[in-house]
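Enquirer: Let me see the structure of the following:
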Amino acid sequence: MNEKSDIRDWENTTIGELPVEIIDGDRSSRYPKRHELVDHGIPFLSTTNICDNRLELSDVAFITPSKFAEFSKGSLRRHDVILTTRGSVGKTAYYCCEYDVGLINAQMLILRADPKRMSPRYLFYLLASDCMQKAFANYASGSAQPQLPIQDLRAIEVVIPPFEIQRKIGFILSAYDDLIENNLRRIAILEEMARAIYREWFVKFRYPGYERTQMTESELGLIPEEWQVAELRTVATLIRNSTNPAKNPNARYAHYSIPAFDANRMPAMELGGDIRSTKYIVGDDCVLVSKLNPRIPRVWLPFVHNEYLSISSTEFLVLSPIAPVTRTFLYNLCLDDWFLNGLVTSAYGTSTSHQRVKPEHVMSTAIVLPPAGLIQRFTDMVQPMHELIYTLRKAVLSLREARDLLLPQLISGELDVSNITIDAEEDNL
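Expert: Numbers count the residues shown, from 1 in each chain. Here you go, the predicted model:
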């Protein structure tokens, strides 16, 4: 790539003048109701399914194919670009996943580029760029319910390169996103492998040698002999050591927060002056559990940065294992469904969006405690998976930083890509 691109061939225009169809969602009486949602079928997207400019489908809602057939508006195709226009304005994603079709909800728009005249991937990166996000934010400010009407979206001014330059820019940036997605898929597989081993050994009790073990009654039901029922406080300590970063404005911290967790990111590296409130200190053996609903089913295994003091939001419980329990075992215990369901049902507050769990309730939770040797055997098997996950997360962070550095330079024409050659087969729109 060369610097100082000649952008005389770039066109000053508006979004409304682009070869792009803008498709609104259906707001009629056919709009899917809660009782019409199913476990499998056609994805029905909401704003929560777009995170960090990518689709997050782990908790997507579904409708039946027959329900989907009722809609003429709001139907997604592969290579559509999704833009949120109500509430959370400006979140965008490129629709290319395991589902051929989908449906957007009433807080979104579909932008469908004519692929012979405009690169869909370029359109996505254009909408995700800082300059466009600032334009969207202008419409989101000063309103109780931020929104971006279609007529205002059409009027936003843009500078667009020729079609071949669009394709090259989209190809370059999507190469980073493809690597990011591959790493995130590997992370998800490793996490599921670790959880599957935990469930097999410590929930279904099919651990190595289980055939030779007798079961005995306990307050939690049948458990293997030589296993115990204990309160969480006997295997983990609740850490409440805190610091106020604002008192050290020039110090840099590795800051674990719920938004960072939800974006599947590494902790933010922030200066003390940017962090206003008191935070918990996170040691290198800790597990973080959210105590805030609706994010209670959030458990994090932080890897501490030795060069920075690691801290977390006080909306987390900071747990440190007590031997013979290891951090690897404690993390998977906290991820177990019965544990998370117990947190949700014990939450208190004035509404579902302002509920918290009481730390003392969590620490008094009864758990099944296996023998020390089995805990260590599990740790020896699973800990390398967690270490690889950390390595992959660091790679994702580096790729995102590189992509985010390139994106504004490519979108603005600061970097010239005219001499780059891409194969038609390599260009996935």
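Enquirer: residue contacts, the closest residue to Asp130 other than its chain neighbours?
Expert: Nearest residue to Asp130 in three dimensions, chain neighbours excluded: Pro408, at 5.8 Å (C-beta to C-beta, 6 or more residues apart in numbering). C-betas here are computed from N, CA, C, even on glycine. Pro408 makes contact with 129-131, 414 under the criterion C-beta atoms under 8 Å, 6 or more residues apart in numbering.
Enquirer: one more time with 10 Å
Expert: Taking C-beta atoms under 10 Å, 6 or more residues apart in numbering as the contact definition, Pro408 lies against 125, 129-131, 414-415.
Enquirer: Report the secondary structure state of Arg121.
Expert: What DSSP: H, G, I helix; E, B strand; the rest coil gives for Arg121 is helix.
Enquirer: Got the confidence number for it?
Expert: What the model reports as pLDDT for Arg121 is 97.
Enquirer: how close does the spatially closest residue to Val203 that is not a sequence neighbour get to Ser398?
Expert: Excluding the flanking residues, the one nearest Val203 by C-beta to C-beta, 6+ apart is Asp336, at 6.6 Å. Asp336 sits 32 Å away from Ser398, going by C-beta to C-beta, to the nearest Å.
Enquirer: the more surrounded of these two?
Expert: Neighbours were counted for Asp336 and for Ser398 using other C-beta atoms under 10 Å; Asp336 has more, 17 against 14.
Enquirer: looking at it, Met269 is touching Tyr256, isn't it?
Expert: No: between Met269 and Tyr256 there is no contact under C-beta atoms under 10 Å: 11.3 Å.
Enquirer: higher neighbour count, these two?
Expert: Taking other C-beta under 10 Å, Met269 and Tyr256 do not tie; Tyr256 has more neighbours (25 against 13).
Enquirer: Tell me if I'm right that that one and Leu309 touch.
Expert: No: contact criterion C-beta under 10 Å: Tyr256 and Leu309 do not qualify, at 11.6 Å.
Enquirer: shared neighbours, those two?
Expert: Common contacts of Tyr256 and Leu309, defined by C-beta under 10 Å, 6+ apart, comprise 279, 282.
Enquirer: Could I get the full set of strands for the stretch 301-429 of the chain?
Expert: In the stretch 301-429 of the chain, the strands defined using DSSP state E, counting those that start in this stretch lie at 309-312, 316-321, 348-349, 355-356, 366-369, 415-416.
Enquirer: okay, now Leu153: neighbour count?
Expert: Leu153 has 20 nearby residues by other C-beta under 10 Å.
Enquirer: What are the phi and psi values at Thr365?
Expert: phi -60, psi 130 (degrees, to the nearest 10).
Enquirer: Quick check: closest non-adjacent residue to it.
Expert: The spatial neighbour of Thr365 that comes closest, neighbours along the chain excluded (C-beta to C-beta, 6+ apart), is Leu232 at 4.7 Å.
Enquirer: Mind pulling up the pLDDT for the one you found?
Expert: For Leu232, the model assigns a pLDDT of 95.
Enquirer: so it makes contact with Ser320?
Expert: No: with contact defined as C-beta under 10 Å, Leu232 does not count as touching Ser320 (11.9 Å).
Enquirer: So these two - more neighbours on which side?
Expert: Leu232 (22 against 17).
Enquirer: give the contact list for that one.
Expert: Contacts of Leu232 (C-beta under 10 Å, 6+ apart): 238, 319, 322, 325, 330, 333-334, 339, 361-367, 369.
Enquirer: same thing with Ala113?
Expert: So Ala113 contacts 18-21, 79-81, 119-124, 166, 429 (C-beta under 10 Å, 6+ apart).
Enquirer: at 8 Å instead, please
Expert: Applying C-beta under 8 Å, 6+ apart to Ala113 gives the contacts 18-20, 79, 81, 119-120, 123.
Enquirer: can you pick the most crowded of the contacts of Leu232?
Expert: Result: Leu319 is most packed of the contacts of Leu232 (other C-beta under 10 Å), 27 neighbours.
Enquirer: Now do the same contact list for that residue.
Expert: Listed by C-beta under 8 Å, 6+ apart, the contact set of Leu319 reads 236-239, 286-289, 330, 334.
Enquirer: at 6 Å what do you get?
Expert: Contacts here follow C-beta atoms under 6 Å, 6 or more residues apart in numbering; on that basis Leu319 touches 236, 287.
Enquirer: Look up which residues are beta-bridged to it.
Expert: Leu319 forms beta bridges with Leu238, Val287, as assigned by DSSP bridges.
Enquirer: Look at Arg154 and give its secondary structure.
Expert: Put simply, Arg154 is helix when judged by three-state DSSP.
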